[in-house]
Every structure is written in C-alpha cells, then in structure tokens.
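Engineer: give me a 3D structure for the following:
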Amino acid sequence: MKIGAIFILLCSLAYAADEKTSGIPEATRQVVDRELPNGRGHIHDELFYRGKARIMQFDQKTVAGQTKTWRLFLLGDVTVYETEDDGDGRFHSVILFNDKTKQIEGFVGKRDGTAVPFDTKTLAATREQFDAWSSFWDETLGKGASTDKFLEAAKALQEKLRDFEKKKAQDER
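Structural biologist: Numbers count the residues shown, from 1 in each chain. Just a heads-up that it's a prediction; the model follows:
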C-alpha cells in the first residue's frame, strides 16, 4: 500500500513539473455533499479533473456514525480502486482494472502494511461485479441507448449488486 502512495506522489510531481512546459490543462476539483433519504446518513464526494478528464475521485459514505471510503485513480487505460469498507480508516483492498483489456487484479491489505493477491473466488466475484457495472453503463449511455432504459437498468444493477453483497457476506461466514 505504501508503494502505491509513493507511485501516485511521483506521478503527481511528474505531472506538475511537465504541466509548466507542455500545456496540460489546469486541475480542478468538484465537491458534492448530500444527505441520504430519511436522515440515514451522509455522502461526500470529491472529483478531480485535468481539463475535462476525470483523474481522481474520493467518496465517503457515513451511516450510523461509521464512515466507509473509496478512492479512484485513472491512469491512462488503468483504473485503480482503493476501498476501506469497515470504517476503521485503513484501506483494505486495491483493484487495478485495465479498461482496454478488461484485465483485473486485486490485492488485500494486511495489518502489517503488506498486500496479498485476491484468491481465485474473490477475483471472480470482483470480475462479475465489474461486468455488471460495465453492462449497466453500456446499456444506459452506450451508442444508441435509450434514456428510458436508465431507470430499468439502474434497478437491475442495484439488484445484482445487492445479491453480490449477500453472497459475499455468506461466503465470509
């Protein structure tokens, strides 16, 4: 995990140094805060753009006093996801996804700061989840997609993700 933070810092410094000479657009930040229905919690999102391209996103969801966080970094064709899903403030997994090849690699963080690759079952479940997201966006925003399908596809995706979470909870028992 520490290596990832150092890599991101070095990439940021390289971008900053290159920005002065190469005409790279200025980075901008958008913050979105909203309450969940019925006072169930709060969502805080920060999106970072270089020109019109999204380069980073940080999301926090607080429910019943517990905050879960995920971060997203877009590095060319590779998207890096980090998740902290039990509210302890320590990131538990890193997923690397190649948008062109659809290859996925995942790592689980250990308490000593090291990381180990996902086991076969977890990697397959992660691939299934990514495929569901991808299908959703293709159906709703892809070429020739009807805007009427968005709500229908969103409900179907929500069900798939809910089933995935139930299956994951059962597997952990």
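
Engineer: now for the longest helix seen in the chain, which elements pack on it?
Structural biologist: Longest helix in the chain by number of residues, with DSSP state H as the criterion: helix 149-172. For helix 149-172, the packing partners by 3 or more CB pairs under 8 Å, 6 or more residues apart in numbering; DSSP states H and E come out as helix 120-141. The way it works is simple: take the backbone N, C-alpha and C, and place the C-beta from them, glycine included.

Engineer: for the helix it packs on, buried residues please.
Structural biologist: 125-127, 129-130, 132, 136, 139-140 (16 or more other CB atoms under 10 Å).

Engineer: pull the distance from it to the chain's centre.
Structural biologist: Remark: helix 120-141 is offset 12 Å from the chain centroid, using CA atoms, centre = their mean, to the nearest Å.

Engineer: quick thing: my sequence starts at 46, can you match it?
Structural biologist: Shifting the count to begin at 46 puts that one at helix 165-186.

Engineer: average pLDDT across it?
Structural biologist: Helix 165-186 carries an average pLDDT of 82.

Engineer: so G158 belongs to a helix, correct?
Structural biologist: No: looking at G158 with DSSP: H, G, I helix; E, B strand; the rest coil, it is coil, so not inside a helix.

Engineer: any idea what A72 is bridged to?
Structural biologist: Beta-bridge partners recorded for A72 (DSSP bridges): R95.

Engineer: any idea how far it is from I100?
Structural biologist: Here the criterion is CB to CB, to the nearest Å. By it, A72 lies 7 Å from I100.

Engineer: between those two, which contacts overlap?
Structural biologist: 93-94 (CB atoms under 8 Å, 6 or more residues apart in numbering).

Engineer: got the domain ranges for the chain?
Structural biologist: 70-163, 164-218 (automatic domain parsing).

Engineer: rank the ones you listed by pLDDT, which is bottom?
Structural biologist: domain 164-218 (a mean of 76).

Engineer: for the residue nearest to R74 when sequence neighbours are not counted, what are its contacts?
Structural biologist: Nearest residue to R74 in three dimensions, chain neighbours excluded: F93, at 5.4 Å (CB to CB, 6 or more residues apart in numbering). By CB under 8 Å, 6+ apart, the contact set of F93 is 72-75, 99-102.

Engineer: measure F93 to A170 for me?
Structural biologist: From F93 to A170 the distance is 29 Å (CB to CB).

Engineer: about what we covered before: from the contacts of F93, which is closest to D144?
Structural biologist: Using CB to CB, R99 comes nearest to D144 of the contacts of F93, at 12.6 Å.
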